[in-house]
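Novice: This is the structure alone, sequence omitted:
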């Protein structure tokens, strides 16, 4: 378990993390999202003791990271896959890491096989592709068979097979009761992988809830209804308090009533329905809504006639946080 209490980090006059508190529970996959410059990487670095908080505290499995006698067997972290001596082979790097923590050589062979590095294990890391470097970083994180995993952008540079493998891996580890905390700029992948989401923006927590709750709270959820008697149906729905809008004849968009209730209302009133489709927002749309006022870097969409006026802030989750 990771417990963050009132965590603050200042660099001179800039506050990178501002009074952040949250808990990463074991047994589920917790995703960590935030725009560039939001304080995401700084928070993750403070969890593993690479940065010292200005105020507040963070514990992993009941202790500060530095207080663990064998940190690698408590916490497996992937924060920078490039932090490897490029002249070493993957095998020698893992063997050296294992030796510092009394981890048997058999475990080195296990993680090499687990991460698909068998064919390149004896090659120098300097010649690795981005994807292979990520696999090595994940192998290091798994080396101590830790109870807690902290993975920053673990699917960066991986091909579709590798992305699927990471998804299955972290969900399997969580099902064993381990604590899994990961970030990703791929919203579609986070929606498939994470059970719980923590969103940070401008150093403050914007959301801390199960994925289903975040989606339910976002605007854009509703029901699309097509009917030759759309006007009558809209009049029937109005007293329920649900909001009804229409962009074309015969088409309604209803927010505040579920499809079953609309269908029952239509049936009891003899209204013919041609379509009754629940519409759910995506995690990407919910994230954009949550972080709309917390985006540090803005960009405008481009088109054949050149960049139009900015209609809403946009961001990606790559790069520094």
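Specialist: Yep, it's here. All figures in this text were calculated on a predicted structure; none of them were measured in a lab.

Novice: And the helices in this structure?
Specialist: Taking DSSP state H as the criterion, the chain contains helices spanning 40-47, 71-74, 90-100, 105-114, 130-142, 160-175, 187-193, 211-217, 230-237, 259-268, 283-290.

Novice: Of those helices, flag the one that's most buried.
Specialist: By mean neighbour count, with neighbours taken as mean count of other C-beta atoms under 10 Å, helix 40-47 ranks first of the helices of the chain at a mean of 24. Bear in mind the C-beta positions are built from the backbone N, C-alpha and C, glycine included.

Novice: Contact partners for residue 274?
Specialist: With contact set as C-beta atoms under 8 Å, 6 or more residues apart in numbering, residue 274 has these partners: 226, 227, 228, 250.

Novice: 6 Å instead?
Specialist: Counting by C-beta atoms under 6 Å, 6 or more residues apart in numbering, residue 274 makes contact with residue 226.

Novice: The helices of the chain into TSV, with extra columns for distance to residue 123?
Specialist: Formatted as TSV, the entries for the helices of the chain read as follows, by distance: least, C-beta to C-beta, whole Å:
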stretch	distance to residue 123
helix 40-47	29
helix 71-74	24
helix 90-100	7
helix 105-114	12
helix 130-142	9
helix 160-175	18
helix 187-193	28
helix 211-217	39
helix 230-237	65
helix 259-268	55
helix 283-290	37
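
Novice: Quick one: those as TSV, columns for mean pLDDT and distance to residue 60 too.
Specialist: Formatted as TSV, the helices of the chain follow (pLDDT from 0 to 100; distance: least, C-beta to C-beta, whole Å):
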stretch	mean pLDDT	distance to residue 60
helix 40-47	94	7
helix 71-74	91	6
helix 90-100	94	18
helix 105-114	96	21
helix 130-142	93	13
helix 160-175	94	15
helix 187-193	87	21
helix 211-217	82	23
helix 230-237	95	51
helix 259-268	95	44
helix 283-290	81	26
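
Novice: Between those, which one is closest to residue 13.
Specialist: The closest approach between residue 13 and any of the helices of the chain, judged by C-beta to C-beta, belongs to helix 40-47 at 15.5 Å.

Novice: hmm, who's touching that closest one?
Specialist: Counting by C-beta under 6 Å, 6+ apart, helix 40-47 makes contact with 9, 16, 17, 32, 34, 51, 53, 58, 152, 200, 321, all of which sit outside it.

Novice: Restricted to buried residues, select these in PyMOL.
Specialist: Provided next is the PyMOL selection string for whichever of the contacts of helix 40-47 are buried by 16 or more other C-beta atoms under 10 Å:
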select buried, resi 9+16+17+32+34+51+53+58+152+200+321
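
Novice: From the centre of this structure, point out the most distant residue.
Specialist: No residue in the chain has its C-alpha farther from the mean C-alpha position than residue 270, which lies at 45.6 Å (C-alpha atoms, centre = their mean).

Novice: ok, so what distance separates it from residue 104?
Specialist: When distances are taken as C-beta to C-beta, to the nearest Å, residue 270 and residue 104 turn out to be 74 Å apart.

Novice: for residue 6, same thing?
Specialist: For residue 6, the distance to residue 104 under the criterion C-beta to C-beta works out to 40 Å.

Novice: Tell me which of these two has more neighbours.
Specialist: More neighbours surround residue 6 than the other of residue 6 and residue 104, with 13 against 9 (other C-beta atoms under 10 Å).

Novice: And for the more buried one, nearest residue in space, chain neighbours not counted?
Specialist: Using C-beta to C-beta, 6 or more residues apart in numbering and skipping the chain neighbours, the partner closest in space to residue 6 is residue 56 (3.9 Å).

Novice: Same check on residue 24?
Specialist: Excluding its sequence neighbours, the residue lying closest to residue 24 (C-beta to C-beta, 6+ apart) is residue 2, at 3.9 Å.

Novice: which residues sit in contact with residue 250?
Specialist: Shown in contact with residue 250 (C-beta under 6 Å, 6+ apart): 226, 230.

Novice: measure it to residue 242 for me?
Specialist: The spacing between residue 250 and residue 242, counted by C-beta to C-beta, is 18 Å.

Novice: Now do the domain split for this structure, please.
Specialist: Using automatic domain parsing, the domains assigned to the chain come out as 2-216, 222-279.

Novice: can you tell me which of the ones you listed comes nearest to residue 286?
Specialist: For the domains of the chain, distance to residue 286 was read as C-beta to C-beta. The smallest value, 5.3 Å, belongs to domain 2-216.

Novice: what about the closest one, distance to the chain center?
Specialist: Its chain's C-alpha centre and that of domain 2-216 lie 11 Å apart, by C-alpha atoms, centre = their mean, to the nearest Å.
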